[in-house]
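Enquirer: task: produce atomic coordinates for the following.
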Amino acid sequence: MKKFRSLVLIGLLSLLVAACSSGGRSTMTPDEYLLHNVSAWNGVTEYVNRWTGGEQGEALTRSLQERKGLKQYASPLGHARAELAQVLVQVQTFPPPEDAVALRDLTVTYLKTADSLYETMQKVAALPDGFADEQFAPLGGELERLGKALDSQMSALNDAQMAYAKKHKIQLQQSSG
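Expert: Residues are numbered from 1 along each chain as shown. So this is what the prediction gives:
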């Protein structure tokens, strides 16, 4: 959680620096905007990955298999949603350059889908110990649907960021992880 908060703080500071260095401009430069966009996306993606395949996700899966102890995840998921809401506000705070509106919209869609994933996980965390298959089935189906949507949106967002970088001759570092 601390690392995610640090990423949010870095993103907010980058917005402040961009605003202060804008020389009175009402929008960020393409470089500033892309840095802001990629930073927000990477921070959220790293945190979502912890819940979908990382340590937190594995613990949640074990609790699901044991059909008990899910309530312990309610508070961390609530915090995750609150942090995500801050990132969403951050992404929407400054208007993007005119040619980055579609990129911003893809980012907003991705963030809203991530929030829906967290919301559904909160519903899972609210299941009582010993829950029945019928109680979990619709939530499990929704988690699967949202996971596929996130993967698709992630790919589209990555492609849009790369195209925007290429258009403005901005070098982006790609990680293999």
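
Enquirer: select the longest helix from the protein.
Expert: helix 133-167 (DSSP state H).

Enquirer: which residues in the protein form helices?
Expert: Under DSSP H, the chain gives helices at 2-20, 30-52, 55-66, 74-93, 101-125, 133-167.

Enquirer: N37 versus the residue nearest the centre of the chain, what's the distance?
Expert: Geometric centre of the chain, nearest residue: V44, 3.2 Å, by Cα atoms, centre = their mean. Using Cβ to Cβ, to the nearest Å, V44 is found at 11 Å from N37. C-betas here are computed from N, CA, C, even on glycine.

Enquirer: dump the residue contacts of N158.
Expert: Applying Cβ atoms under 8 Å, 6 or more residues apart in numbering to N158 gives no contacts.

Enquirer: list phi and psi for P97.
Expert: phi -60, psi 150 (degrees, to the nearest 10).

Enquirer: give me the neighbour count for the closest residue to A85 other than its chain neighbours.
Expert: Computed as Cβ to Cβ, 6 or more residues apart in numbering, the closest residue to A85 that is not its neighbour in sequence is D115, at 7.3 Å. By the criterion of other Cβ atoms under 10 Å, D115 has 18 neighbours.

Enquirer: against A80, how distant is D115?
Expert: 9 Å.

Enquirer: repeat for G53
Expert: In this structure, G53 and A80 are 15 Å apart, going by Cβ to Cβ.

Enquirer: if you count surrounding residues, which of those two has more?
Expert: A80 (25 against 12).

Enquirer: quick check: L34 touching A163?
Expert: No - here L34 lies out of contact with A163, judged by Cβ atoms under 8 Å, at a distance of 10.8 Å.

Enquirer: compare neighbour counts for these two and give me the winner.
Expert: Using other Cβ under 10 Å, the more surrounded residue of L34 and A163 is L34, with 21 against 12.

Enquirer: list the contacts of that one.
Expert: By Cβ under 8 Å, 6+ apart, the neighbours of L34 are A100, Q161, Y164, A165, H168, I170, L172.

Enquirer: try it again at 6 Å.
Expert: Y164, A165, I170 (Cβ atoms under 6 Å, 6 or more residues apart in numbering).

Enquirer: neighbours around the residue nearest to V124 when sequence neighbours are not counted, how many?
Expert: With Cβ to Cβ, 6+ apart as the criterion, V124 has its nearest non-adjacent residue at 5.2 Å, and that residue is L139. A count of nearby residues for L139, using other Cβ under 10 Å, gives 18.

Enquirer: pretty sure L139 is touching K123, no?
Expert: Yes - using Cβ atoms under 6 Å, L139 makes contact with K123 at a distance of 5.5 Å.

Enquirer: overlap of the contact sets of these two?
Expert: By Cβ under 6 Å, 6+ apart, no residue touches both L139 and K123.
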